[in-house]
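1. Give the three-dimensional model of this entry:
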Amino acid sequence: MFCLNCGEKIGEYDTFCSYCGAKQISNVEKSNDYNGWFYIAGNHKRGPFSLDEMAAAIDDEIVKRDTFVWHGGMSQWVLAEQTALKAYLKHVVPPLPDEIVDNKFVWMLATIPILVSWALLFVVSDFKWITITMVVLNVVFLSLDISNLRKYGKEPAKWLWLGFVLVPIYLFFRAARTDRNYAYGITWCVLFVFDIILF
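-> Numbers count the residues shown, from 1 in each chain. As a prediction, the model looks like this:
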């Protein structure tokens with residue numbers, strides 16, 4: 001038997017975990033629906049589920065290491081990797097380290113649209129075409145960067161919309177959630193200031 005809170009192996013009849021001190025649920029308490037497993041998906045509570053159903057959800061990658069879960073006897077929602085579910089998570093391949101994520105598309109997003117707008121300014125004097133070109137390039141490089149992040153096991157869905165609204169905010173959010181390299185966000189801001197000053 002495993003502790004419902006910390007996931008450490010404990011005796012079958014232990015009422016408290018000797019590692020974390022969490023109260024364990026007796027067989028009588030287990031009959032209550034609220035002693036099943038719950039998880040949060042899309043800001044909604046899902047459950048109750050049996051341990052076998054949760055293991056299947058882990059195999060299907062519905063429940064991941066960073067999914068918040070709760071089980072009767074727990075005082076609060078915790079990450080799945082901090083519970084007895086961690087025994088099932090060991091079989092799931094973790095995302096690649098943040099240092100390995102390829103940044104080529106985010107650098108293109110940070111530089112090419114503004115550089116192209118400068119080039120177009122000398123060829124086309126109509127700002128409508130420059131704006132359309134900038135938006136199209138932003139969407140293309142943003143889409144490429146998002147698919148690249150997913151390839152490396154990162155899921156940007158919660159902050160994805162920022163890239164369509166404001167590119168620099170997307171760049172800074174992306175840096176905060178991946179490699180902590182804010183250089184591409186700063187580069188975009190510097191180029192934008194030059195764009196305003198020079199043109």
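2. Going by C-alpha atoms from here, please, whenever you check contacts or count neighbours.
-> Will do.
3. Got the domain ranges for the chain?
-> 1-94, 98-198 (automatic domain parsing).
4. what's the single longest helix in the chain?
-> helix 127-151 (DSSP state H).
5. Name the residues that touch it?
-> 101-103, 105-106, 108-109, 112-114, 116-117, 120-121, 124, 155-156, 160, 163-164, 167 (C-alpha atoms under 8 Å, 6 or more residues apart in numbering).
6. give me that answer again for 10 Å
-> With contact meaning C-alpha atoms under 10 Å, 6 or more residues apart in numbering, helix 127-151 is reached by 95-96, 98, 101-121, 124, 153-157, 160, 163-164, 166-167, 170-171, 174, 178.
7. What are the buried residues along it?
-> By neighbour count on 16 or more other C-alpha atoms under 10 Å, the buried set for helix 127-151 is 130, 133-134, 137-139, 141-149.
8. Ok, stretch 81-89 next?
-> Those would be 81, 82, 83, 84, 85, 86, 88, 89, for stretch 81-89 by 16+ other C-alpha under 10 Å.
9. Going along the chain, name the strands of the protein.
-> 37-41, 44-49, 68-71, 78-79 (DSSP state E).
10. Give me whichever of those strands is most buried.
-> Among those, ranked by average contacts under mean count of other C-alpha atoms under 10 Å, first place goes to strand 68-71 (a mean of 24).
11. rewinding a little: quick one: which of the strands of the chain is nearest residue 17?
-> The closest of these to residue 17 is strand 68-71. By C-alpha to C-alpha, the value is 14.8 Å.
12. That closest one packs against which elements?
-> Helices and strands touching strand 68-71, as assessed by 3 or more C-alpha pairs under 10 Å, 6 or more residues apart in numbering; DSSP states H and E, comprise strand 37-41, strand 44-49, strand 78-79.
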